[in-house]
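A.B. asks: coords please:
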Amino acid sequence: MKEARLSDEELIEKIRARKEELGSRLLILSHHYQRKEIVALGDFIGDSFELSRKAAQDRECRYIVFCGVHFMAQSAAILANPQQVVQIPDEEAGCRMADMADIYTVGSAYRQLEALLGSGEVIPVAYMNSEADLKAFCGENSGIVCTSSNADKALKWAFERAQKVLFFPDRHLGHNTGFGLGLSAEQMLVWSPDKPLGGNDPDALKRARLILWDGFCHVHTRFTCDHIKQRRARFPEAKIIVHPECPREVVAMADAFGSTSRIEKYVKEAPSGSTIIIGTEINLIERLALAYPDKKVLDLDRSLCPNMFKINLANLFETLEHLGEMNVVRVDEAIKAGARVALDRMLSLA
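C.D. replies: Here you go, the predicted model:
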């Protein structure tokens, strides 16, 4: 029988048997947005920050299999010990947002800002949803990496060291975090990478505190104010919580916002009988609805991450059958060194 034709039940049985065989030599990391059957098989489940921390702390395992998207597996490879091998079940599981910023355009933006403002006047802050070379860029230029869990701490850290921050690639997370820190709309500008000075007036850049890369998440920009209005009309008793990658106007209309871990905690702590409407990836919402049957957990609208969905039981099992061989995530040593600096700065914020 070919592996691809095995039923889900058979694949789950084989994966569990392989896990038992390997014991502490294997670590499976499952992101919140994975299918429920992948989450059930993970040794650790969380958002990218939590999983990166687990990867950094585990010193016993030989093989790390990251059930998430490529930039997450890269971060695990950067933090891993030399004897550890990091693999991803599908190497095509990328991130559209991460693709919106690359080392060449970010480097050009940084040089333009330094030419205008002076050397050392801008701190680069990379969202975790970025490639390893951009994390290294931050490490080499006095910057830091952040996730949606600690973006506020990372920006505070950066503002203690410089008057201005270049935040990439997600403008919405940066926008929402900046408002949370008390910045005004005039103090935050969007940088369009295909235009000189990002399409901004030089004087406006001199006044700005937070310069936001023009990138976004397709999953979270799907949600609109109309979705909130429709849900409130149908469920007036409901509380609505959304992810900070949503546009500012959506976050402003919601009752709360936060990272995937914050959303999970919000549902867990809500009173029995509550109605909670969530604006984030559908797999997390459906899993929370199953986990808390005493509460009504609904989606703001159905939004699926196609790259997270590329990880499935078949390619996870195939990876476990070819440990150390297929879809190994490798990062150049020079890039790893710079990225490690920025990631260590992030981990020190916890």
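A.B. asks: so the closest residue to residue 284 other than its chain neighbours versus residue 78, what's the distance?
C.D. replies: Of all residues not flanking residue 284 in the chain, residue 32 sits nearest, at 4.8 Å (C-beta to C-beta, 6 or more residues apart in numbering). In short, each C-beta sits where N, CA and C put it, glycine included. To residue 78, residue 32 is 21 Å away according to C-beta to C-beta, to the nearest Å.
A.B. asks: confirm that residue 59 sits in a helix.
C.D. replies: No: with DSSP: H, G, I helix; E, B strand; the rest coil as the criterion, residue 59 is coil rather than part of a helix.
A.B. asks: tell me how many other residues crowd it.
C.D. replies: 9 (other C-beta atoms under 10 Å).
A.B. asks: that one and residue 82 touch, don't they?
C.D. replies: No: using C-beta atoms under 8 Å, residue 59 is not in contact with residue 82, being 11.5 Å away.
A.B. asks: what's the pLDDT at residue 23?
C.D. replies: On the pLDDT scale, residue 23 is placed at 94.
A.B. asks: for it, grab the count of nearby residues.
C.D. replies: 9.
A.B. asks: cool, and the one 4 residues further on?
C.D. replies: By the other C-beta under 10 Å criterion, the neighbourhood of residue 27 contains 25 residues.
A.B. asks: for residue 186, same thing?
C.D. replies: 10.
A.B. asks: again with the one 3 residues further on
C.D. replies: Residues near residue 189, counting by other C-beta under 10 Å, number 21.
A.B. asks: next one: residue 271
C.D. replies: Using other C-beta under 10 Å, residue 271 has 7 neighbouring residues.
A.B. asks: please apply the same query to the one 4 residues further on.
C.D. replies: The local packing of residue 275 (other C-beta under 10 Å) involves 17 other residues.
A.B. asks: check the one 4 residues further on too.
C.D. replies: Other residues lying near residue 279 total 28 when counted by other C-beta under 10 Å.
A.B. asks: could you check how far it is from residue 43?
C.D. replies: 29 Å.
A.B. asks: if you count neighbours, what's buried in stretch 48-65?
C.D. replies: The neighbour-count check on stretch 48-65 (16 or more other C-beta atoms under 10 Å) flags 48-56, 58, 61, 63-65 as buried.
A.B. asks: now the two most distant members of these.
C.D. replies: The two members of the buried residues of stretch 48-65 with the most space between them (C-beta to C-beta) are 49 and 63, at 21.9 Å.
A.B. asks: how about the strands in this structure?
C.D. replies: For the chain, the strands defined by DSSP state E cover 26-31, 44-46, 63-67, 85-87, 122-127, 144-146, 164-168, 188-191, 210-213, 239-242, 256-257, 275-279, 296-299.
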